[in-house]
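Student: structure for this input, please:
(chains A and B)
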Protein chains: 2
Amino acid sequence: MAHKKNTTPGTISKIQELRKQEISTDTLTQGIFEGNKALLAKAITLLESTNPVHFEKANTVIEKCLTRPNSSIRLGITGVPGVGKSSFIEALGTLLTSKGKKVAVLAVDPTSSLSKGSILGDKTRMQSLSKDPNAFIRPSPSGSSLGGVAQKTRESIILCEAAGYDVILVETVGVGQSEIAVHSMVDFFLLLKLSGAGDELQGIKRGIMEMADAIAINKADGDNLERAKLAATEFSRALHLYPPKANGWVPKVFKCSATENKGIQEIWNMIEDFVGQNRKNGHFIKNRQLQNRNWFLQTVDELIKQFFHQKESFNKAQKKMLKAIDENKISPFYAAKVLLEDITKEL
Amino acid sequence: MAHKKNTTPGTISKIQELRKQEISTDTLTQGIFEGNKALLAKAITLLESTNPVHFEKANTVIEKCLTRPNSSIRLGITGVPGVGKSSFIEALGTLLTSKGKKVAVLAVDPTSSLSKGSILGDKTRMQSLSKDPNAFIRPSPSGSSLGGVAQKTRESIILCEAAGYDVILVETVGVGQSEIAVHSMVDFFLLLKLSGAGDELQGIKRGIMEMADAIAINKADGDNLERAKLAATEFSRALHLYPPKANGWVPKVFKCSATENKGIQEIWNMIEDFVGQNRKNGHFIKNRQLQNRNWFLQTVDELIKQFFHQKESFNKAQKKMLKAIDENKISPFYAAKVLLEDITKEL
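Tutor: Okay, the predicted model is just below:
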């Protein structure tokens, strides 16, 4: 066989060896602590892997990263497609890095495995930020369940924080349940909106309005400016309909234009006010603890379910019951009770 | 001690005896089969009880009721407060009993324990129906969780069907998750709406529109008539945006006035068309089987959770983990994994 110069069989096997040879958790952790983007990305890839060996390894890294003190701000950003999330993140991120802050951009998009990355998949949408040495952009992990996708993003936040990122932006699409997931992993939740034509409140899900710590009406420029002002008034009024938040924060409404770089500084000032206020009154840390507890409890319930559903005897018994239910021989509730009694006796 | 005539100590203890003496499941079942409203109500009270003895008894009755053939129609009705649900049910129910049908009215309102029955609690809202010998009205069971409330209503349906009720109307409030619960227990789902002033689609949750087999615009009378017509057109248009249903049904839009008794017959005709069509193409029974299967699977998962959460060792270990999480010593996900491994080893 002919080989090109420098690629003798020996060299090839050495490269293969090197590829196979996995980076140790110590190397990974050290790399993250030093702010090495490549190793940070590698660690995130590990935690996104479905391979159990990788899972164990990723957890070791996460445990180590957890011990590293940081004073990050986690900021969730949502809005329907077309609202200008990417331009907003580009504008805000660039503002922050210009102030010497390190910015990580993550995403939660459970549809990304289908749509091949509807958000953040394409770094060209954040052209200057993606080239910024102080920015780290990572597309949404793919996964079949929102829970899985969200968990991976949640853990990626920890790694980014250990790598010294001061502000973690978590983007999500303004449709479905993903807002709830992102809201449960951030300190501040920002809803991006567009001004409409007299239908300012149309189509907003009550729940998302209620979660928002602020609403920013984007594309408030040119012909749109007047409408944006109207929309801002409408939203302010609507927000007053909600009960006050436990932390005492009154949600604010802003106008901005990400493409014209207007209003971005004001929004960041407000977020800093929020963080300052909440650190002072103890709600900042309280909220993070509560979030961690909820993530834990939800995961426990998920694993409990898996524990049973992995058992062959359980699945067999369940199938039998389903047949009896189809034939109207037993009530679904009673069938469940009998199944559980039978299966827990076996344990 | 002085006693009134006929209430000698002997009589009193006999009455007390009788009260304590619980009605046998055979008596209850037989009573239900004979259409005895008092015994039907008693059986529903049993299944709503949190006493495990009552639970067992109720299940025996339900099993027996399940075997009784019937050809009921289960109809879910939702709409925001003020849309006129009670008047609509009064009008539809009266129409049906006038046709010789027996009508049961149930409700799912998880807020009823707080609001003391915001729906159906007050029978005076259905004055003629509540006096109708062929109608049975039962307010929403109270309960802290929607799941519990819904389960009880689901089982009450079975008892009502065994008691010979031909049409089961299940009312719910047009806010929150209760629509999903009711949708999962009925054959046909009707959304009541009001015509607005140019904001016909405002505030409707997409998910609820998608679930509806028909939309009825109520209070289409007097000055409202023109607006109702407009709203009907808007809704028809909006419904066309949704993908076709698996059963081939195209959702319809109607105008009606429950107080003026207009349009009610047309809506019932449509429901009968729907049922006829779906019985023919097999989707009627298919849907019920699917609903039963889902109820079973959900209940199994709920009971699995309970099985662990009742263990003292589990709760102890969980508390320990929560402390470690609060102190940032372990990631919530890894903590959950370790907890499950420890606890399942013990089983």
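Student: helix, strand or coil for residue A:140?
Tutor: Under the three-state scheme (DSSP: H, G, I helix; E, B strand; the rest coil), residue A:140 adopts coil.
Student: contacts only, for residue A:188.
Tutor: Residues in contact with residue A:188 (C-beta atoms under 8 Å, 6 or more residues apart in numbering or on different chains) are A:73, A:74, A:75, A:76, A:213, A:214, A:271, A:274, A:275. Quick note: C-beta positions are derived from backbone N, CA and C, even for glycine.
Student: now do the contacts for the last one.
Tutor: Counting by C-beta under 8 Å, 6+ apart, residue A:275 makes contact with A:73, A:187, A:188, A:284.
Student: next SSE after the helix or strand of chain A with the lowest mean pLDDT?
Tutor: Ranking every helix and strand in chain A by mean pLDDT, DSSP states H and E puts helix A:112-115 at the bottom, with a mean of 47. Using DSSP states H and E, the helix or strand that follows helix A:112-115 in sequence is helix A:127-131.
Student: which SS state does residue A:186 fall under?
Tutor: Criterion first, three-state DSSP; result for residue A:186: coil.
Student: make sure it is actually in contact with residue A:74.
Tutor: Yes: counting by C-beta atoms under 8 Å, residue A:186 sits close enough to residue A:74 to count as a contact (4.3 Å).
Student: where do the contact lists of these two overlap?
Tutor: Common neighbours of residue A:186 and residue A:74 (C-beta under 8 Å, 6+ apart) are A:168, A:170.
Student: returning to that earlier point: now for the contacts of residue A:188, which pair is the farthest apart?
Tutor: Of all pairs drawn from these, the greatest distance, 14.6 Å, lies between A:74 and A:214 (C-beta to C-beta).
Student: so which of these two has more stuff around it?
Tutor: residue A:74 (24 against 21; other C-beta atoms under 10 Å in any protein chain shown).
Student: find the nearest non-adjacent residue to residue A:164, please.
Tutor: residue A:35 (4.9 Å; C-beta to C-beta, 6 or more residues apart in numbering or on different chains).
Student: count the neighbours of that neighbour for me.
Tutor: Around residue A:35 there are 16 residues (other C-beta under 10 Å).
Student: phi first, then psi, for it.
Tutor: phi 80, psi 20 (degrees, to the nearest 10).
Student: got a list of what it touches?
Tutor: A:102, A:163, A:164.
Student: tell me the pLDDT of it.
Tutor: Predicted confidence (pLDDT) for residue A:35: 96.
Student: which residue ranges make up each domain of chain A?
Tutor: For chain A, the TED database gives the domain ranges A:23-67, A:68-281, A:296-345.
Student: after the helix of greatest length in chain A, which helix or strand is next?
Tutor: In chain A, with assignment by DSSP state H, the single longest helix is helix A:283-309. Sequence-wise, the next helix or strand downstream of helix A:283-309 (DSSP H and E) is helix A:312-326.
Student: what's that next one packed up against?
Tutor: Using 3 or more C-beta pairs under 8 Å, 6 or more residues apart in numbering or on different chains; DSSP states H and E as the contact test, the elements touching helix A:312-326 are helix A:332-346, helix B:283-309.
Student: out of these, which gets nearest to residue A:307?
Tutor: Evaluated over the helices and strands packed on helix A:312-326, closeness to residue A:307 peaks at helix B:283-309, with 8.1 Å, by C-beta to C-beta.
Student: hmm, residue A:284 is touching residue A:187, no?
Tutor: Yes: counting by C-beta under 8 Å, residue A:284 touches residue A:187, with 6.4 Å between them.
Student: need the residues touching each of those two.
Tutor: Residues touching both residue A:284 and residue A:187 by C-beta under 8 Å, 6+ apart: A:275, A:278.
Student: now do the same contact list for residue A:279.
Tutor: Contacts of residue A:279 by C-beta under 8 Å, 6+ apart are residue A:285.
Student: tell me the SS of it?
Tutor: helix.
Student: what about it, distance to chain B?
Tutor: 16 Å (C-beta to the nearest C-beta, to the nearest Å).
Student: what of residue A:143?
Tutor: Residue A:143 is 14 Å from chain B, by C-beta to the nearest C-beta.
Student: which stretches of chain A have low pLDDT?
Tutor: Along chain A, the parts satisfying pLDDT under 70 run over A:1-21, A:111-124, A:144, A:174-176, A:196-207.
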